[in-house]
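Asker: just the structure for this:
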Amino acid sequence: MSERRKHLRIHTIADIEILAGGKTTKGVITNISASGLGIIITAPIQIGERVEISFNLAKESKFTGIKGTVVRADHISDQFYYFLGVNFQSIKEDKKAELNRFVLDKKIEHYGIKMKD
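Answerer: Here you go, the predicted model:
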């Protein structure tokens with residue numbers, strides 16, 4: 001399988017709200033990058049469907065009204081859960097940079113890399 005991702009991705013857990021088809025569903029982010037994220041939810045959403053998402057990564061990191069497209073939708077067997085892959089379609093450059101910083105900081109923290117002052 002070839003790697004298609006353009007941005008560094010990390011595993012994380014955060015609450016998210018997804019607006020799709022006029023209905024809001026709550027879910028959990030499982031991974032994130034500057035170009036998209038993975039989500040577990042309880043309502044099916046189809047590949048190709050446009051969604052609007054809102055989430056917080058930290059107290060100061062609020063992301064609201066980000067538009068995206070579902071590019072992966074898997075039913076988790078024997079469960080009432082679905083895994084979605086969402087690519088961001090419209091995200092402001094400052095928010096994309098904020099996501100990149102968050103992901104990089106978490107990767108550095110994970111590997112215990114000491115940054116020089």
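Asker: show me where the protein has its strands.
Answerer: 10-20, 23-32, 36-41, 50-58, 61-75, 82-90 (DSSP state E).
Asker: of those, which approaches Glu98 most closely?
Answerer: When the strands of the chain are compared for distance to Glu98 using Cβ to Cβ, the nearest one is strand 61-75, at 6.2 Å. Where C-beta positions appear, they are placed from N, C-alpha and C, glycine not excepted.
Asker: residue closest to the middle of this protein?
Answerer: With the centre of the chain defined as its mean C-alpha position, the nearest residue by Cα atoms, centre = their mean is Leu37, 2.4 Å away.
Asker: isn't that residue right next to Ile91, touching?
Answerer: No. Between Leu37 and Ile91 there is no contact under Cβ atoms under 8 Å: 10.9 Å.
Asker: that older thread, partners of the residue nearest to the centre of the chain in the sheet?
Answerer: Ile32, Val86 (DSSP bridges).
Asker: OK, contacts around it?
Answerer: Listed by Cβ atoms under 8 Å, 6 or more residues apart in numbering, the contact partners of Leu37 are Ile16, Ile29, Thr30, Asn31, Ile53, Gly85, Val86.
Asker: quick one: buried residues of the worst-scoring helix or strand of the chain on mean pLDDT?
Answerer: Within the chain, confidence by mean pLDDT, DSSP states H and E is lowest for helix 93-111 among all helices and strands, at a mean of 85. Buried residues in helix 93-111, defined by neighbour count with 16 or more other Cβ atoms under 10 Å: Lys95, Lys96, Glu98, Leu99, Phe102, Val103, Lys106.
Asker: ditto for stretch 44-57
Answerer: For stretch 44-57, a neighbour-count test (16+ other Cβ under 10 Å) marks Ile45, Glu49, Val51, Glu52, Ile53, Phe55, Leu57 as buried.
Asker: now that stretch, how far from the chain's geometric center?
Answerer: Mean C-alpha position of stretch 44-57 versus that of the full chain (Cα atoms, centre = their mean, to the nearest Å) differs by 9 Å.
Asker: can you list contacts of it?
Answerer: Contacts with stretch 44-57, where a contact means Cβ under 8 Å, 6+ apart, come from 12, 14-21, 25, 29, 32, 37, 62-73, 75, 82, 84, 86, 89, 99, 102.
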